[in-house]
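> Generate a structure from the sequence data that follows.
(2 chains)
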Protein chains: 2
Amino acid sequence: MAGIVPSRRVRGTPFTEGVQAAGAKAYTVYNHMLLASYFESYEADYRHLKEHVQVWDVAVERQISIKGLDALRLMRQMSPRDMDKMAADQCYYVPICDHNGGMLNDPVAIKVAQDHYWLSLADGDLLQWALGLAVGQGLEVDIEEPDVSPLAVQGPKADDLMARLFGDIVREIKFFRYKRLPFMDTEFIVARSGWSKQGGFEIYVDGSDYGMPLFNRLMELGESLNVRVGCPNLIERIEGGLLSYGSDMRQDNTPIEAGLARFCNSPSEYIGKTVIEAQKKNGPDRMIKAVAIDGAGDLPHNATGWPVYKGDQKVGLIASAAWSPDFKTNVAIGMIDKSAFAAGTRLEVVTQNGTRGATVQEKFWI
Amino acid sequence: MAGIVPSRRVRGTPFTEGVQAAGAKAYTVYNHMLLASYFESYEADYRHLKEHVQVWDVAVERQISIKGLDALRLMRQMSPRDMDKMAADQCYYVPICDHNGGMLNDPVAIKVAQDHYWLSLADGDLLQWALGLAVGQGLEVDIEEPDVSPLAVQGPKADDLMARLFGDIVREIKFFRYKRLPFMDTEFIVARSGWSKQGGFEIYVDGSDYGMPLFNRLMELGESLNVRVGCPNLIERIEGGLLSYGSDMRQDNTPIEAGLARFCNSPSEYIGKTVIEAQKKNGPDRMIKAVAIDGAGDLPHNATGWPVYKGDQKVGLIASAAWSPDFKTNVAIGMIDKSAFAAGTRLEVVTQNGTRGATVQEKFWI
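Reported below is the predicted structural model:
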């Protein structure tokens, strides 16, 4: 594919200098910002991520700050998850839906204070949804995009690297919980989270000017741990069933279809509840499934989504697929109709380079 | 810059096949879709656009369809322009603002029917704003992204090319008005509009499957007119003062600051009116200005916005700049503080390759 032209509209991040210096070979655009796609290669990055530790520029996870008297009220409206159960130091993965239960985004919500939340976004201007609801109802709440840029530290040695910077206290941070930890003359929210299954943290860098000092410090301290600059890895995230909003599911999918029923437990009258509760009860007509595609490492790049057939019947779409060196199969994420989503069902996937057999899996690989 | 990795999330358009075959050399991403940045070069594309005719894939101008009993009511809330004056066949350029008058987008609104509007978007998920307002207030209106993809025909020979396809009736279409014209077994809204100052049309291709047949037909019919596949041209649009939302202005700017006061005339209580009316009365503290930057064709690429100084004082930012072969100067668009925005004011612009003198212009070049 041809190159990308950056502009103020498609902008860099506080860490772009470090990402470019590390030799990112390709980019995508996510929330109007550059996000590296790979450095050495998808497979080399993957191997390193699973064995060592990487520093990821995920500033593209733009934050929405929702603050004020009505912050909790608005969060209750937007969240299928029970916001009243959220602890003071907790992060919640929250599928956010329209009035038809259609997903608008799947951010991680962070409870910054009793009347203050951050939403760490997937690709999409969810700020406009929150603001529209607030302005439409005259809610007392300030909604803005703060200068907060997440930097992720991911991989089996993430605890060791983070301990070198912040001390052993990082080891006490539980999954999807956070602590406020000091850096230079400030402090950051540091959560045990991140878009891989290899373990690690996300540092919510509050103030762009701290970006490169933090980035460089982590790279220095990690030298003997074989740290590298990395990015979310296509292969690893498919193996783990980490969904990409906009690819694997969109506004025409509910969280139940996306396999996220366990995050839909709110007793409040949240937006989309009628549809979501009905689907929880009756089951959805289609659902995200792990799919193994036949063949060995010779899949073309999936740039459009591949239609999936069972016999003559179109039964779904595969938006994400890659060869898994560890599981020795082509791993894929598909949105598959009920008629074909039972584990073991044989399917045909139509790629731009021909048709492949495939099998619905019981679950994702890790 | 490194290459871009397309995916279902950063997708192609119904015309991407034609754009790729024509050899687009670089892309940007706009509304989660690929948009070509140039073909031969910015300057060669510019010269051709000003002398001949080009077919542009502007499917990235995603449509929002707003339809139903409360469609006009919602449009009145969202639009600083007087929606009640809009004719049945009219297109309106509409800056859309939040409750602080901050711009959320600057679409072209098309009156499809009495209770039905399309908004042809700049870069940003304005659907979420409209939907938030509608759901928050319980409005009776359907809001969705229809399968409608604009294809632009721009340049001095645009009337001739369009007449070969649709007949001489196209010559009767007035500026920012439309007619419904037949193609194959359907018809399209065809408006005299487009993001250049060279004249031309936008065809609202309703149904992706018609995309390449229309594209190919235009290229065939235009052969003797020296038609080329093109795209919005950086140089030409700066000369003409065509603003890029996200670059030249953002949510922290009002339409008055963006020089769009003439589009803010609604007697309704639209969102942001208090701030906008006050700025109309008292004048804004900063404003979009045409700026000529010293030097001859040796500006670096502006990927971040360049700060602008008057003496020691930071007085603005230039987000768009390019060498103009026709006007023999570096043309630029700046958001400049009141203290420095009088025509003739000398400024200093800090680029990544050093500081340049510059002069505020009375108006844009064309």
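
> ok, now which ones touch residue A:29?
Residues counted as contacts of residue A:29 (C-beta atoms under 8 Å, 6 or more residues apart in numbering or on different chains) are A:4, A:10, A:35, B:4, B:10, B:28, B:29. All C-beta atoms are positioned from the backbone trio N, CA, C, and that covers glycine.

> quick one: buried residues of the helix or strand where the third one lies?
Taking DSSP states H and E as the criterion, the element that holds residue A:35 is strand A:33-38. Neighbour counts using 16 or more other C-beta atoms under 10 Å in any protein chain shown place A:33, A:34, A:35, A:36, A:37, A:38 of strand A:33-38 among the buried residues.

> just checking, the second one touches residue A:27?
Yes. If you go by C-beta atoms under 8 Å, residue A:34 and residue A:27 touch, sitting 5.0 Å apart.

> quick one, phi psi at residue A:156?
Main-chain torsions, residue A:156, degrees, to the nearest 10: phi -60, psi -20.

> just to revisit the earlier point, quick one: which of the buried residues of strand A:33-38 is nearest chain B?
residue A:37 (4.4 Å; C-beta to the nearest C-beta).

> Enumerate every residue touching the residue nearest to residue A:57 when sequence neighbours are not counted.
Of all residues not flanking residue A:57 in the chain, residue A:15 sits nearest, at 3.9 Å (C-beta to C-beta, 6 or more residues apart in numbering or on different chains). If a contact means C-beta under 8 Å, 6+ apart, then residue A:15 has A:57, A:59, A:149, A:151, A:211, A:212, A:215 as its contacts.

> Can you give me the distance of residue A:15 to chain B?
14 Å (C-beta to the nearest C-beta, to the nearest Å).

> Summarise which helices and strands the strand holding residue A:35 is packed against.
helix A:16-21, strand A:26-30 (3 or more C-beta pairs under 8 Å, 6 or more residues apart in numbering or on different chains; DSSP states H and E).

> follow-up on the earlier one: mark which of the contacts of residue A:15 are part of strands, please.
A:57, A:149, A:151 (DSSP state E).

> Pick the one among those closest to chain B.
residue A:57 (13.9 Å).

> my guess is that closest one meets residue A:36, correct?
Yes. The criterion here is C-beta under 8 Å, and residue A:57 meets it with residue A:36 at 6.8 Å.

> any shared contact partners between these two?
Common neighbours of residue A:57 and residue A:36 (C-beta under 8 Å, 6+ apart) are A:19, A:231.

> need the contact list for the closest residue to chain B within chain A.
Distances between chain A and chain B by C-beta to the nearest C-beta are smallest at residue A:132, namely 1.9 Å. By C-beta under 8 Å, 6+ apart, the contact set of residue A:132 is B:128, B:129, B:130, B:131, B:132, B:133, B:134, B:135, B:136.

> Kindly list the main-chain dihedrals of it?
Per degrees, to the nearest 10, the backbone of residue A:132 is at phi -60, psi -40.

> In a markdown table, list the ones in strands among the contacts of residue A:15 along with neighbour count, pLDDT and distance to residue A:114.
A markdown table is the format used below for the ones in strands among the contacts of residue A:15 (neighbours: other C-beta atoms under 10 Å in any protein chain shown; pLDDT from 0 to 100; distance: C-beta to C-beta, whole Å):
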| residue | neighbour count | pLDDT | distance to residue A:114 |
| --- | --- | --- | --- |
| A:57 | 28 | 98 | 31 |
| A:149 | 25 | 98 | 24 |
| A:151 | 25 | 98 | 26 |
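
> Just give the nearest non-adjacent residue to residue A:17, would you?
residue A:212 (5.9 Å).

> Tell me the residues of the stretch 151-300 of chain A that contact chain B?
For the stretch 151-300 of chain A, the contact set with chain B under C-beta under 8 Å from any C-beta of the partner chain comprises A:244, A:245, A:246, A:247, A:271.

> Among those, which are located in strands?
Using DSSP E, none of those sit in strands.

> Compile the residues you listed into a markdown table and extend it with columns for neighbour count and pLDDT.
A markdown table is the format used below for those (neighbours: other C-beta atoms under 10 Å in any protein chain shown; pLDDT from 0 to 100):
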| residue | neighbour count | pLDDT |
| --- | --- | --- |
| A:244 | 22 | 98 |
| A:245 | 23 | 98 |
| A:246 | 21 | 98 |
| A:247 | 20 | 98 |
| A:271 | 26 | 98 |
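
> so the residue lying closest to residue A:86 once chain neighbours are set aside bridges to which residues?
Of all residues not flanking residue A:86 in the chain, residue A:111 sits nearest, at 5.4 Å (C-beta to C-beta, 6+ apart). Assessed by DSSP bridges, residue A:111 has beta-bridge partners residue A:117.

> Any idea how many residues pack against residue A:352?
10 (other C-beta atoms under 10 Å in any protein chain shown).

> what's near enough to touch the residue nearest to it when sequence neighbours are not counted?
Distance criterion C-beta to C-beta, 6+ apart; nearest residue to residue A:352, sequence neighbours excluded, is residue A:300 at 5.6 Å. By C-beta under 8 Å, 6+ apart, the contact set of residue A:300 is A:351, A:352, A:353.

> Filter those down to just the ones in helices.
With DSSP state H as the criterion, helices contain none of the contacts of residue A:300.

> From those residues, pick the one nearest residue B:48.
Checking the contacts of residue A:300 against residue B:48 by C-beta to C-beta gives residue A:352 as the nearest, at 31.6 Å.

> Since that was my last question, I'll sign off now.
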